[in-house]
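Asks: Fold the following, please.
(chains A and B)
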2 protein chains.
Amino acid sequence: MSSQAPIGVFDSGIGGITVVKELISRLPNEKIIYYGDTARVPYGNKSANTIVTYSRQIAHFLIDQGVKAIVIACNTASAIALEVLRRELPVPVIGVVVPGARAAAQASKNKKIGVIATRATINSCIYEAYLQKTNPDTEVYKQACPLFVPLVEEGWIHDDITKQIIHRYIDGLLAKGIDSLVLGCTHYPLLAETIAEVVGKGITLVNPAYECAKDFKLVLEENELLNDVSSQPVHEFFVSDGPVPFAKFANSILGEGTILPENVLIKCFE
Amino acid sequence: MSSQAPIGVFDSGIGGITVVKELISRLPNEKIIYYGDTARVPYGNKSANTIVTYSRQIAHFLIDQGVKAIVIACNTASAIALEVLRRELPVPVIGVVVPGARAAAQASKNKKIGVIATRATINSCIYEAYLQKTNPDTEVYKQACPLFVPLVEEGWIHDDITKQIIHRYIDGLLAKGIDSLVLGCTHYPLLAETIAEVVGKGITLVNPAYECAKDFKLVLEENELLNDVSSQPVHEFFVSDGPVPFAKFANSILGEGTILPENVLIKCFE
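Replies: Now for the predicted structure:
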(Lines give C-alpha, C1' and ligand atoms only; values in the text may rest on other atoms or scores of the structure.)
Protein backbone atom coordinates (compact mmCIF):
# COMPACT_ATOMS: atom_id res chain seq x y z
CA MET A 1 0.00 0.00 0.00
CA SER A 2 1.37 3.39 -1.01
CA SER A 3 1.51 6.37 1.33
CA GLN A 4 0.14 8.34 -1.65
CA ALA A 5 -3.16 6.42 -1.47
CA PRO A 6 -6.20 8.28 -0.10
CA ILE A 7 -7.71 7.79 3.34
CA GLY A 8 -11.34 6.68 3.75
CA VAL A 9 -13.70 8.35 6.20
CA PHE A 10 -17.28 7.32 6.76
CA ASP A 11 -20.24 8.39 8.85
CA SER A 12 -23.93 7.61 9.09
CA GLY A 13 -24.62 10.97 7.46
CA ILE A 14 -23.32 14.51 7.48
CA GLY A 15 -21.92 14.77 11.03
CA GLY A 16 -18.62 13.13 10.09
CA ILE A 17 -17.69 16.32 8.30
CA THR A 18 -16.64 17.62 11.73
CA VAL A 19 -14.01 14.83 11.73
CA VAL A 20 -13.00 15.68 8.15
CA LYS A 21 -12.37 19.25 9.27
CA GLU A 22 -9.94 18.06 11.96
CA LEU A 23 -8.26 15.64 9.54
CA ILE A 24 -7.73 18.33 6.90
CA SER A 25 -6.24 20.60 9.52
CA ARG A 26 -3.79 17.99 10.91
CA LEU A 27 -3.07 16.02 7.74
CA PRO A 28 -3.11 18.58 4.91
CA ASN A 29 -1.39 16.29 2.37
CA GLU A 30 -3.87 13.44 2.71
CA LYS A 31 -6.56 13.00 0.09
CA ILE A 32 -9.87 12.05 1.76
CA ILE A 33 -12.62 9.89 0.30
CA TYR A 34 -15.72 10.48 2.44
CA TYR A 35 -18.86 8.36 2.51
CA GLY A 36 -22.01 9.66 4.27
CA ASP A 37 -24.89 7.19 4.52
CA THR A 38 -27.49 9.96 4.30
CA ALA A 39 -30.23 7.64 2.98
CA ARG A 40 -30.07 5.41 6.06
CA VAL A 41 -29.15 7.97 8.72
CA PRO A 42 -29.48 7.85 11.72
CA TYR A 43 -27.64 4.75 12.92
CA GLY A 44 -28.21 5.61 16.58
CA ASN A 45 -31.54 3.81 16.93
CA LYS A 46 -30.70 0.74 14.82
CA SER A 47 -29.75 -2.73 16.01
CA ALA A 48 -26.12 -3.83 16.24
CA ASN A 49 -26.58 -6.31 13.36
CA THR A 50 -27.85 -3.63 11.02
CA ILE A 51 -25.09 -1.20 12.00
CA VAL A 52 -22.43 -3.87 11.29
CA THR A 53 -24.04 -4.71 7.91
CA TYR A 54 -24.13 -1.08 6.81
CA SER A 55 -20.60 -0.32 8.07
CA ARG A 56 -19.21 -3.36 6.27
CA GLN A 57 -20.82 -2.34 2.96
CA ILE A 58 -19.33 1.14 3.20
CA ALA A 59 -15.88 -0.05 4.30
CA HIS A 60 -15.65 -2.45 1.36
CA PHE A 61 -16.70 0.33 -1.00
CA LEU A 62 -13.88 2.51 0.39
CA ILE A 63 -11.39 -0.36 0.03
CA ASP A 64 -12.49 -0.66 -3.61
CA GLN A 65 -11.58 3.02 -4.01
CA GLY A 66 -8.03 2.14 -2.97
CA VAL A 67 -7.87 3.72 0.50
CA LYS A 68 -4.82 2.99 2.67
CA ALA A 69 -6.64 3.40 6.02
CA ILE A 70 -10.15 4.04 7.30
CA VAL A 71 -11.54 6.45 9.91
CA ILE A 72 -14.97 5.57 11.31
CA ALA A 73 -16.18 9.10 12.03
CA CYS A 74 -19.50 7.92 13.48
CA ASN A 75 -19.55 7.18 17.21
CA THR A 76 -22.31 4.60 16.81
CA ALA A 77 -20.50 2.67 14.06
CA SER A 78 -17.22 3.00 16.02
CA ALA A 79 -18.91 1.56 19.09
CA ILE A 80 -20.54 -1.36 17.26
CA ALA A 81 -18.49 -2.19 14.14
CA LEU A 82 -14.84 -1.24 14.80
CA GLU A 83 -13.64 -4.66 15.96
CA VAL A 84 -15.37 -6.52 13.10
CA LEU A 85 -13.89 -4.18 10.49
CA ARG A 86 -10.42 -4.43 12.05
CA ARG A 87 -10.58 -8.23 11.77
CA GLU A 88 -11.89 -8.23 8.22
CA LEU A 89 -10.11 -5.39 6.44
CA PRO A 90 -6.55 -5.34 5.05
CA VAL A 91 -5.91 -1.72 6.16
CA PRO A 92 -5.69 0.06 9.54
CA VAL A 93 -9.06 1.16 10.93
CA ILE A 94 -9.58 3.75 13.66
CA GLY A 95 -12.78 4.90 15.35
CA VAL A 96 -13.65 7.98 17.39
CA VAL A 97 -14.54 6.18 20.64
CA VAL A 98 -11.12 5.15 21.96
CA PRO A 99 -9.49 8.54 21.28
CA GLY A 100 -12.48 10.25 22.91
CA ALA A 101 -12.42 7.98 25.95
CA ARG A 102 -8.68 8.37 26.40
CA ALA A 103 -8.92 12.17 26.26
CA ALA A 104 -11.74 12.15 28.81
CA ALA A 105 -9.65 10.03 31.18
CA GLN A 106 -6.74 12.46 30.79
CA ALA A 107 -8.98 15.49 31.34
CA SER A 108 -10.72 14.14 34.44
CA LYS A 109 -9.24 14.89 37.84
CA ASN A 110 -11.90 13.24 40.00
CA LYS A 111 -12.31 10.21 37.70
CA LYS A 112 -16.01 10.84 37.25
CA ILE A 113 -16.71 10.99 33.52
CA GLY A 114 -19.98 11.70 31.74
CA VAL A 115 -20.82 10.34 28.29
CA ILE A 116 -23.67 11.61 26.10
CA ALA A 117 -24.39 9.84 22.81
CA THR A 118 -27.05 8.11 20.71
CA ARG A 119 -29.07 5.30 22.20
CA ALA A 120 -27.11 2.64 20.27
CA THR A 121 -23.76 3.99 21.49
CA ILE A 122 -25.00 4.25 25.09
CA ASN A 123 -26.46 0.73 25.01
CA SER A 124 -23.21 -0.65 23.59
CA CYS A 125 -21.47 0.31 26.89
CA ILE A 126 -18.34 0.89 24.79
CA TYR A 127 -17.11 3.99 26.60
CA GLU A 128 -17.26 2.49 30.08
CA ALA A 129 -15.83 -0.83 28.83
CA TYR A 130 -12.77 0.96 27.49
CA LEU A 131 -12.45 3.38 30.42
CA GLN A 132 -12.83 0.74 33.09
CA LYS A 133 -10.25 -1.49 31.37
CA THR A 134 -7.68 1.30 31.06
CA ASN A 135 -8.57 3.28 34.20
CA PRO A 136 -10.24 0.82 36.62
CA ASP A 137 -11.02 3.49 39.22
CA THR A 138 -13.08 5.55 36.77
CA GLU A 139 -16.81 6.07 37.30
CA VAL A 140 -18.77 6.54 34.07
CA TYR A 141 -22.24 8.15 33.98
CA LYS A 142 -24.09 8.20 30.70
CA GLN A 143 -27.17 9.52 28.97
CA ALA A 144 -28.69 9.00 25.52
CA CYS A 145 -29.78 12.35 24.00
CA PRO A 146 -31.96 11.51 20.95
CA LEU A 147 -33.22 15.09 20.54
CA PHE A 148 -29.78 16.66 20.05
CA VAL A 149 -29.34 15.61 16.40
CA PRO A 150 -32.72 16.97 15.22
CA LEU A 151 -32.14 20.15 17.26
CA VAL A 152 -28.82 20.70 15.45
CA GLU A 153 -30.47 19.93 12.12
CA GLU A 154 -33.19 22.49 12.90
CA GLY A 155 -30.43 25.02 13.58
CA TRP A 156 -31.79 25.70 17.09
CA ILE A 157 -28.27 25.98 18.48
CA HIS A 158 -28.43 29.03 20.76
CA ASP A 159 -32.02 28.59 21.79
CA ASP A 160 -33.87 28.58 25.07
CA ILE A 161 -35.70 25.36 24.21
CA THR A 162 -32.38 23.68 23.45
CA LYS A 163 -30.98 24.83 26.80
CA GLN A 164 -33.96 23.30 28.61
CA ILE A 165 -33.47 20.01 26.76
CA ILE A 166 -29.75 20.03 27.61
CA HIS A 167 -30.70 20.52 31.27
CA ARG A 168 -33.20 17.65 31.07
CA TYR A 169 -30.58 15.27 29.70
CA ILE A 170 -27.47 16.39 31.57
CA ASP A 171 -28.59 17.51 35.05
CA GLY A 172 -28.52 13.89 36.26
CA LEU A 173 -24.89 13.56 35.18
CA LEU A 174 -23.98 16.87 36.86
CA ALA A 175 -25.57 15.63 40.08
CA LYS A 176 -23.09 12.73 40.03
CA GLY A 177 -20.21 15.23 40.13
CA ILE A 178 -18.64 14.54 36.70
CA ASP A 179 -15.77 16.83 35.74
CA SER A 180 -15.45 15.82 32.10
CA LEU A 181 -18.11 15.08 29.49
CA VAL A 182 -17.63 13.19 26.22
CA LEU A 183 -19.69 14.60 23.32
CA GLY A 184 -20.13 11.09 21.93
CA CYS A 185 -21.94 11.81 18.64
CA THR A 186 -20.55 13.78 15.71
CA HIS A 187 -23.39 16.31 15.85
CA TYR A 188 -22.93 17.16 19.51
CA PRO A 189 -19.79 19.32 19.17
CA LEU A 190 -21.99 21.67 17.11
CA LEU A 191 -23.93 22.23 20.37
CA ALA A 192 -20.73 22.57 22.41
CA GLU A 193 -21.08 26.28 23.19
CA THR A 194 -24.63 25.89 24.45
CA ILE A 195 -23.75 22.76 26.43
CA ALA A 196 -20.78 24.62 27.97
CA GLU A 197 -23.13 27.42 29.05
CA VAL A 198 -25.42 24.92 30.76
CA VAL A 199 -22.77 22.80 32.50
CA GLY A 200 -20.54 25.70 33.57
CA LYS A 201 -16.79 26.17 33.58
CA GLY A 202 -15.77 23.32 35.89
CA ILE A 203 -16.44 20.62 33.30
CA THR A 204 -14.21 19.78 30.35
CA LEU A 205 -16.06 18.94 27.14
CA VAL A 206 -14.28 16.29 25.07
CA ASN A 207 -14.69 16.24 21.28
CA PRO A 208 -13.79 12.74 20.01
CA ALA A 209 -13.45 14.05 16.41
CA TYR A 210 -10.57 16.26 17.47
CA GLU A 211 -8.90 13.49 19.46
CA CYS A 212 -9.41 10.98 16.64
CA ALA A 213 -7.59 13.15 14.10
CA LYS A 214 -4.61 13.35 16.50
CA ASP A 215 -4.52 9.58 16.97
CA PHE A 216 -4.99 8.89 13.27
CA LYS A 217 -1.80 10.74 12.42
CA LEU A 218 0.09 8.41 14.78
CA VAL A 219 -1.56 5.36 13.17
CA LEU A 220 -0.42 6.50 9.72
CA GLU A 221 3.12 7.13 11.00
CA GLU A 222 3.34 3.74 12.73
CA ASN A 223 2.23 2.03 9.52
CA GLU A 224 4.55 4.15 7.34
CA LEU A 225 1.50 5.44 5.49
CA LEU A 226 1.77 9.16 6.22
CA ASN A 227 1.87 11.18 3.01
CA ASP A 228 4.72 13.62 3.54
CA VAL A 229 4.73 14.84 -0.06
CA SER A 230 3.32 18.35 -0.08
CA SER A 231 0.14 18.33 -2.16
CA GLN A 232 -3.20 20.04 -2.59
CA PRO A 233 -5.46 17.03 -2.49
CA VAL A 234 -8.90 17.13 -4.10
CA HIS A 235 -11.14 15.26 -1.69
CA GLU A 236 -14.01 13.08 -2.91
CA PHE A 237 -17.44 12.88 -1.32
CA PHE A 238 -20.06 10.14 -1.71
CA VAL A 239 -23.51 10.02 -0.14
CA SER A 240 -26.44 7.61 -0.39
CA ASP A 241 -28.96 10.45 -0.70
CA GLY A 242 -29.33 14.23 -0.98
CA PRO A 243 -26.05 15.66 -2.38
CA VAL A 244 -27.38 19.23 -2.21
CA PRO A 245 -28.23 19.41 1.52
CA PHE A 246 -25.03 17.44 2.20
CA ALA A 247 -22.89 20.00 0.34
CA LYS A 248 -24.69 22.85 2.09
CA PHE A 249 -24.00 21.40 5.55
CA ALA A 250 -20.41 20.44 4.67
CA ASN A 251 -19.65 23.94 3.43
CA SER A 252 -21.04 25.43 6.64
CA ILE A 253 -18.35 23.43 8.50
CA LEU A 254 -15.46 23.41 6.00
CA GLY A 255 -15.98 26.88 4.52
CA GLU A 256 -18.30 28.14 1.80
CA GLY A 257 -17.43 26.87 -1.67
CA THR A 258 -15.32 23.94 -0.42
CA ILE A 259 -17.70 21.38 -1.97
CA LEU A 260 -19.79 21.82 -5.12
CA PRO A 261 -23.05 19.83 -4.94
CA GLU A 262 -22.46 18.48 -8.46
CA ASN A 263 -19.20 16.91 -7.29
CA VAL A 264 -20.93 14.93 -4.53
CA LEU A 265 -21.65 11.50 -6.00
CA ILE A 266 -24.47 9.15 -5.05
CA LYS A 267 -23.60 5.57 -4.17
CA CYS A 268 -26.29 3.27 -2.78
CA PHE A 269 -26.05 -0.32 -1.66
CA GLU A 270 -29.28 -1.73 -2.98
CA MET B 1 -57.99 -11.87 -6.60
CA SER B 2 -59.97 -13.35 -3.70
CA SER B 3 -61.69 -11.23 -1.10
CA GLN B 4 -60.20 -13.68 1.41
CA ALA B 5 -56.68 -12.48 0.57
CA PRO B 6 -54.91 -10.29 3.14
CA ILE B 7 -54.42 -6.54 2.89
CA GLY B 8 -50.94 -5.03 2.90
CA VAL B 9 -50.04 -2.01 5.03
CA PHE B 10 -46.65 -0.36 5.09
CA ASP B 11 -44.93 2.50 6.84
CA SER B 12 -41.42 3.89 7.22
CA GLY B 13 -41.39 2.47 10.73
CA ILE B 14 -43.65 1.99 13.71
CA GLY B 15 -46.04 4.93 13.28
CA GLY B 16 -48.23 3.08 10.77
CA ILE B 17 -49.53 1.01 13.66
CA THR B 18 -51.91 3.91 14.35
CA VAL B 19 -53.40 3.19 10.89
CA VAL B 20 -53.52 -0.56 11.66
CA LYS B 21 -55.52 0.23 14.77
CA GLU B 22 -58.17 2.07 12.71
CA LEU B 23 -58.20 -0.68 10.08
CA ILE B 24 -58.73 -3.42 12.68
CA SER B 25 -61.56 -1.44 14.19
CA ARG B 26 -63.37 -0.80 10.85
CA LEU B 27 -62.47 -3.99 8.98
CA PRO B 28 -62.39 -6.72 11.64
CA ASN B 29 -62.46 -9.60 9.13
CA GLU B 30 -59.44 -8.45 7.16
CA LYS B 31 -56.11 -10.12 7.72
CA ILE B 32 -53.32 -7.50 7.72
CA ILE B 33 -49.74 -7.98 6.59
CA TYR B 34 -47.75 -5.04 7.92
CA TYR B 35 -44.30 -3.95 6.87
CA GLY B 36 -42.38 -1.36 8.94
CA ASP B 37 -39.07 -0.17 7.47
CA THR B 38 -37.50 0.35 10.88
CA ALA B 39 -33.91 0.00 9.60
CA ARG B 40 -34.31 2.93 7.21
CA VAL B 41 -36.71 5.13 9.18
CA PRO B 42 -37.29 8.07 8.94
CA TYR B 43 -38.34 8.73 5.34
CA GLY B 44 -39.19 12.37 6.08
CA ASN B 45 -35.73 13.78 5.34
CA LYS B 46 -34.92 11.59 2.33
CA SER B 47 -35.05 12.51 -1.36
CA ALA B 48 -38.06 11.65 -3.53
CA ASN B 49 -36.01 9.10 -5.52
CA THR B 50 -34.99 7.21 -2.43
CA ILE B 51 -38.53 7.23 -1.03
CA VAL B 52 -39.89 5.80 -4.31
CA THR B 53 -37.18 3.11 -4.38
CA TYR B 54 -37.89 1.99 -0.81
CA SER B 55 -41.69 2.10 -1.26
CA ARG B 56 -41.46 0.03 -4.44
CA GLN B 57 -39.33 -2.64 -2.74
CA ILE B 58 -41.83 -2.96 0.09
CA ALA B 59 -44.91 -2.94 -2.15
CA HIS B 60 -43.48 -5.75 -4.29
CA PHE B 61 -42.72 -7.74 -1.15
CA LEU B 62 -46.34 -7.33 -0.03
CA ILE B 63 -47.60 -8.37 -3.49
CA ASP B 64 -45.42 -11.49 -3.19
CA GLN B 65 -47.28 -12.23 0.07
CA GLY B 66 -50.52 -12.31 -1.92
CA VAL B 67 -52.18 -9.08 -0.72
CA LYS B 68 -55.34 -7.92 -2.51
CA ALA B 69 -54.83 -4.20 -1.81
CA ILE B 70 -52.23 -1.93 -0.20
CA VAL B 71 -52.48 0.91 2.31
CA ILE B 72 -49.54 3.32 2.41
CA ALA B 73 -49.75 4.27 6.08
CA CYS B 74 -46.83 6.71 5.86
CA ASN B 75 -47.67 10.30 4.89
CA THR B 76 -44.27 10.83 3.32
CA ALA B 77 -44.49 7.70 1.14
CA SER B 78 -48.13 8.56 0.31
CA ALA B 79 -47.07 12.03 -0.77
CA ILE B 80 -44.17 10.87 -2.92
CA ALA B 81 -44.82 7.29 -4.12
CA LEU B 82 -48.61 6.78 -4.36
CA GLU B 83 -48.97 7.59 -8.07
CA VAL B 84 -45.99 5.45 -9.07
CA LEU B 85 -47.26 2.46 -7.13
CA ARG B 86 -50.78 2.88 -8.53
CA ARG B 87 -49.38 2.74 -12.07
CA GLU B 88 -47.12 -0.23 -11.40
CA LEU B 89 -49.09 -2.52 -9.12
CA PRO B 90 -51.90 -4.93 -10.04
CA VAL B 91 -53.94 -4.16 -6.88
CA PRO B 92 -55.69 -1.05 -5.50
CA VAL B 93 -53.39 1.26 -3.54
CA ILE B 94 -54.54 3.95 -1.11
CA GLY B 95 -52.52 6.51 0.83
CA VAL B 96 -53.29 8.65 3.86
CA VAL B 97 -52.89 12.06 2.20
CA VAL B 98 -56.07 12.29 0.08
CA PRO B 99 -58.40 11.07 2.86
CA GLY B 100 -56.71 13.48 5.28
CA ALA B 101 -56.95 16.43 2.91
CA ARG B 102 -60.59 15.70 2.09
CA ALA B 103 -61.51 15.53 5.78
CA ALA B 104 -59.72 18.81 6.45
CA ALA B 105 -61.66 20.50 3.64
CA GLN B 106 -64.91 19.17 5.10
CA ALA B 107 -64.00 20.29 8.62
CA SER B 108 -62.92 23.80 7.64
CA LYS B 109 -65.51 26.56 7.62
CA ASN B 110 -63.24 29.49 6.73
CA LYS B 111 -61.23 27.47 4.15
CA LYS B 112 -57.98 28.18 5.92
CA ILE B 113 -56.27 24.85 6.53
CA GLY B 114 -53.01 24.12 8.31
CA VAL B 115 -50.80 21.13 7.51
CA ILE B 116 -47.98 19.89 9.72
CA ALA B 117 -45.79 17.04 8.48
CA THR B 118 -42.23 15.90 7.82
CA ARG B 119 -39.97 18.01 5.64
CA ALA B 120 -40.36 15.63 2.65
CA THR B 121 -44.17 15.74 2.84
CA ILE B 122 -44.19 19.53 3.20
CA ASN B 123 -41.74 19.99 0.31
CA SER B 124 -43.84 17.69 -1.90
CA CYS B 125 -46.69 20.28 -1.74
CA ILE B 126 -49.05 17.31 -1.99
CA TYR B 127 -51.67 18.58 0.48
CA GLU B 128 -52.12 21.97 -1.17
CA ALA B 129 -52.01 20.41 -4.65
CA TYR B 130 -54.94 18.17 -3.77
CA LEU B 131 -56.84 20.80 -1.79
CA GLN B 132 -56.47 23.52 -4.38
CA LYS B 133 -57.58 21.14 -7.15
CA THR B 134 -60.71 20.01 -5.27
CA ASN B 135 -61.44 23.23 -3.34
CA PRO B 136 -59.86 26.08 -5.31
CA ASP B 137 -60.77 28.73 -2.72
CA THR B 138 -58.83 26.96 0.03
CA GLU B 139 -55.78 28.59 1.61
CA VAL B 140 -53.20 26.11 2.88
CA TYR B 141 -50.56 27.04 5.47
CA LYS B 142 -47.91 24.48 6.28
CA GLN B 143 -45.02 23.75 8.61
CA ALA B 144 -42.46 20.94 8.83
CA CYS B 145 -42.06 19.74 12.44
CA PRO B 146 -38.93 17.54 12.51
CA LEU B 147 -38.77 17.44 16.32
CA PHE B 148 -42.22 15.86 16.83
CA VAL B 149 -41.19 12.29 15.95
CA PRO B 150 -38.21 12.18 18.34
CA LEU B 151 -40.34 13.85 21.06
CA VAL B 152 -42.94 11.09 20.69
CA GLU B 153 -40.22 8.45 20.71
CA GLU B 154 -38.78 9.97 23.90
CA GLY B 155 -42.26 9.70 25.43
CA TRP B 156 -42.31 13.43 26.23
CA ILE B 157 -45.99 13.66 25.33
CA HIS B 158 -47.47 15.79 28.13
CA ASP B 159 -44.41 17.89 28.73
CA ASP B 160 -43.73 21.56 29.05
CA ILE B 161 -40.81 21.42 26.61
CA THR B 162 -43.07 19.72 24.05
CA LYS B 163 -45.69 22.44 24.48
CA GLN B 164 -43.08 25.12 23.80
CA ILE B 165 -41.94 23.30 20.66
CA ILE B 166 -45.56 22.97 19.48
CA HIS B 167 -45.95 26.72 19.97
CA ARG B 168 -42.76 27.38 18.02
CA TYR B 169 -43.96 25.34 15.06
CA ILE B 170 -47.67 26.13 15.06
CA ASP B 171 -48.05 29.75 16.22
CA GLY B 172 -47.35 30.98 12.68
CA LEU B 173 -50.21 28.85 11.34
CA LEU B 174 -52.55 30.08 14.08
CA ALA B 175 -51.70 33.66 13.16
CA LYS B 176 -53.02 32.93 9.66
CA GLY B 177 -56.41 32.07 11.15
CA ILE B 178 -56.59 28.37 10.27
CA ASP B 179 -59.61 26.50 11.65
CA SER B 180 -58.48 22.95 10.82
CA LEU B 181 -55.08 21.33 11.12
CA VAL B 182 -53.94 18.12 9.40
CA LEU B 183 -51.66 15.96 11.57
CA GLY B 184 -49.76 14.87 8.47
CA CYS B 185 -47.37 12.28 9.94
CA THR B 186 -48.36 9.00 11.61
CA HIS B 187 -46.61 9.94 14.84
CA TYR B 188 -48.40 13.27 15.25
CA PRO B 189 -51.81 11.91 16.39
CA LEU B 190 -49.92 10.56 19.42
CA LEU B 191 -49.31 14.22 20.33
CA ALA B 192 -52.93 15.20 19.53
CA GLU B 193 -53.99 15.93 23.13
CA THR B 194 -51.05 18.22 23.73
CA ILE B 195 -51.45 19.93 20.35
CA ALA B 196 -55.17 20.44 21.11
CA GLU B 197 -54.24 22.09 24.42
CA VAL B 198 -51.90 24.50 22.62
CA VAL B 199 -54.17 25.39 19.67
CA GLY B 200 -57.40 25.63 21.68
CA LYS B 201 -60.93 24.49 20.98
CA GLY B 202 -61.67 26.45 17.79
CA ILE B 203 -59.44 24.29 15.62
CA THR B 204 -60.32 20.81 14.33
CA LEU B 205 -57.42 18.36 14.33
CA VAL B 206 -57.61 15.93 11.42
CA ASN B 207 -56.08 12.45 11.76
CA PRO B 208 -55.42 11.05 8.25
CA ALA B 209 -55.08 7.50 9.65
CA TYR B 210 -58.67 7.57 10.82
CA GLU B 211 -59.92 9.00 7.52
CA CYS B 212 -57.84 6.56 5.49
CA ALA B 213 -59.41 3.54 7.19
CA LYS B 214 -62.88 4.88 6.31
CA ASP B 215 -61.93 5.41 2.66
CA PHE B 216 -60.19 2.06 2.41
CA LYS B 217 -63.39 0.23 3.28
CA LEU B 218 -65.08 1.95 0.31
CA VAL B 219 -62.17 0.99 -1.96
CA LEU B 220 -62.52 -2.66 -0.99
CA GLU B 221 -66.27 -2.56 -1.54
CA GLU B 222 -65.96 -0.91 -4.96
CA ASN B 223 -63.47 -3.56 -6.03
CA GLU B 224 -65.56 -6.39 -4.54
CA LEU B 225 -62.66 -7.24 -2.29
CA LEU B 226 -64.27 -6.72 1.13
CA ASN B 227 -64.02 -9.85 3.25
CA ASP B 228 -67.52 -10.30 4.68
CA VAL B 229 -66.83 -13.75 6.09
CA SER B 230 -66.65 -13.42 9.85
CA SER B 231 -63.15 -14.41 10.93
CA GLN B 232 -60.54 -13.86 13.59
CA PRO B 233 -57.59 -13.01 11.42
CA VAL B 234 -54.03 -13.49 12.66
CA HIS B 235 -52.13 -10.48 11.40
CA GLU B 236 -48.52 -10.71 10.29
CA PHE B 237 -45.82 -8.15 11.03
CA PHE B 238 -42.50 -7.66 9.24
CA VAL B 239 -39.80 -5.09 10.04
CA SER B 240 -36.35 -4.37 8.67
CA ASP B 241 -34.84 -3.96 12.16
CA GLY B 242 -35.58 -4.24 15.86
CA PRO B 243 -38.58 -6.60 16.33
CA VAL B 244 -38.53 -6.13 20.13
CA PRO B 245 -38.94 -2.32 20.27
CA PHE B 246 -41.43 -2.59 17.39
CA ALA B 247 -43.60 -5.09 19.30
CA LYS B 248 -43.39 -2.95 22.44
CA PHE B 249 -44.59 0.16 20.61
CA ALA B 250 -47.27 -1.73 18.66
CA ASN B 251 -48.67 -3.23 21.85
CA SER B 252 -48.84 0.20 23.45
CA ILE B 253 -51.20 1.21 20.61
CA LEU B 254 -53.04 -2.06 19.90
CA GLY B 255 -53.22 -3.40 23.45
CA GLU B 256 -50.73 -5.31 25.57
CA GLY B 257 -50.05 -8.87 24.33
CA THR B 258 -51.42 -8.23 20.81
CA ILE B 259 -48.04 -8.92 19.23
CA LEU B 260 -45.35 -11.27 20.50
CA PRO B 261 -41.84 -10.06 19.58
CA GLU B 262 -40.92 -13.57 18.37
CA ASN B 263 -43.73 -13.38 15.80
CA VAL B 264 -42.36 -10.18 14.26
CA LEU B 265 -40.21 -11.28 11.32
CA ILE B 266 -37.21 -9.47 9.88
CA LYS B 267 -37.15 -8.82 6.15
CA CYS B 268 -34.42 -6.60 4.66
CA PHE B 269 -33.88 -5.51 1.10
CA GLU B 270 -30.13 -5.79 0.83
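Asks: Identify the residues contacting the closest residue to chain B within the stretch 101-250 of chain A.
Replies: Closest contact between the stretch 101-250 of chain A and chain B, by Cβ to the nearest Cβ, is at residue A:241 (4.8 Å). Yep, even glycine has a C-beta here, placed from its N, CA and C like the rest. Applying Cβ atoms under 8 Å, 6 or more residues apart in numbering or on different chains, we find residue A:241 in contact with A:38-39, A:266, A:268, B:46-47, B:49-50.
Asks: Need the residues that contact the host helix or strand of residue A:221.
Replies: Residue A:221 belongs to helix A:208-222 when assigned by DSSP states H and E. Helix A:208-222 is contacted by residues A:3, A:7, A:18-19, A:21-23, A:25-27, A:30, A:69, A:71, A:73, A:75, A:92, A:94-100, A:102-103, A:182-184, A:186, A:189, A:225-227 when judged by Cβ under 8 Å, 6+ apart.
Asks: after it comes which helix or strand?
Replies: strand A:236-239.
Asks: Show me what that next one packs onto, helices and strands only.
Replies: strand A:32-36, helix A:243-254, strand A:264-266 (3 or more Cβ pairs under 8 Å, 6 or more residues apart in numbering or on different chains; DSSP states H and E).
Asks: Recalculate using a threshold of 10 Å.
Replies: Judged by 3 or more Cβ pairs under 10 Å, 6 or more residues apart in numbering or on different chains; DSSP states H and E, the packing partners of strand A:236-239 are strand A:7-11, strand A:32-36, helix A:48-64, helix A:243-254, strand A:264-266.
Asks: hey, which of these is tucked in deepest?
Replies: Greatest average neighbour count among the helices and strands packed on strand A:236-239 goes to strand A:7-11 (a mean of 27), per mean count of other Cβ atoms under 10 Å in any protein chain shown.
Asks: Mind listing the strands that strand pairs with, and their directions?
Replies: strand A:32-36 (parallel), strand A:70-72 (parallel) (DSSP bridges).
Asks: Which residues of the stretch 51-200 of chain A lie near chain B?
Replies: A:51, A:53-54, A:57, A:119, A:144-151, A:153-154, A:156, A:159-162, A:164-165, A:167-169 (Cβ under 10 Å from any Cβ of the partner chain).
Asks: hang on, the earlier thing: rebuild the strands paired with strand A:7-11 as JSON lines, extending it with mean pLDDT.
Replies: Conversion of the strands paired with strand A:7-11 to JSON lines gives the following (pLDDT from 0 to 100):
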{"stretch": "strand A:32-36", "mean pLDDT": "98"}
{"stretch": "strand A:70-72", "mean pLDDT": "98"}
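Asks: Serialize these to TSV and add fields for distance to residue A:246.
Replies: Listed next are the strands paired with strand A:7-11 as TSV, based on distance: least, Cβ to Cβ, whole Å:
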stretch	distance to residue A:246
strand A:32-36	6
strand A:70-72	18
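Asks: what's the closest of the ones you listed to residue A:262?
Replies: Nearest to residue A:262 among these is strand A:32-36; the distance by Cβ to Cβ comes to 16.0 Å.
Asks: chain center to that closest one, what's the gap?
Replies: Centroid separation between strand A:32-36 and its chain, computed with Cα atoms, centre = their mean, to the nearest Å, is 13 Å.
Asks: how big is the angle separating it from helix A:48-64?
Replies: 150 degrees (axes from the mean of the first three to the mean of the last three Cα atoms, to 10 degrees).
Asks: ok so, going back, generate a PyMOL selection restricted to the buried entries among the residues of the stretch 51-200 of chain A next to chain B.
Replies: A single PyMOL command selects the buried members of those (16 or more other Cβ atoms under 10 Å in any protein chain shown):
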select buried, chain A and resi 51+53+54+57+119+144+145+146+147+148+149+150+151+153+154+156+161+162+165+168+169
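Asks: can you tell me which of the residues of the stretch 51-200 of chain A next to chain B are in strands?
Replies: If you go by DSSP state E, these have residue A:144 in strands.
Asks: Okay, and which of the residues of the stretch 51-200 of chain A next to chain B map to helices?
Replies: Using DSSP state H, the subset of these located in helices is A:51, A:53-54, A:57, A:119, A:148-151, A:153-154, A:160-162, A:164-165, A:167-169.
Asks: quick one: contacts for residue A:58?
Replies: Listed by Cβ atoms under 10 Å, 6 or more residues apart in numbering or on different chains, the contact partners of residue A:58 are A:8, A:10-12, A:35-37, A:40, A:70, A:72, A:74, A:77, A:81, A:85, A:238, A:240, A:267, A:269.
Asks: can you do 6 Å?
Replies: Contacts here follow Cβ atoms under 6 Å, 6 or more residues apart in numbering or on different chains; on that basis residue A:58 touches A:10, A:35.
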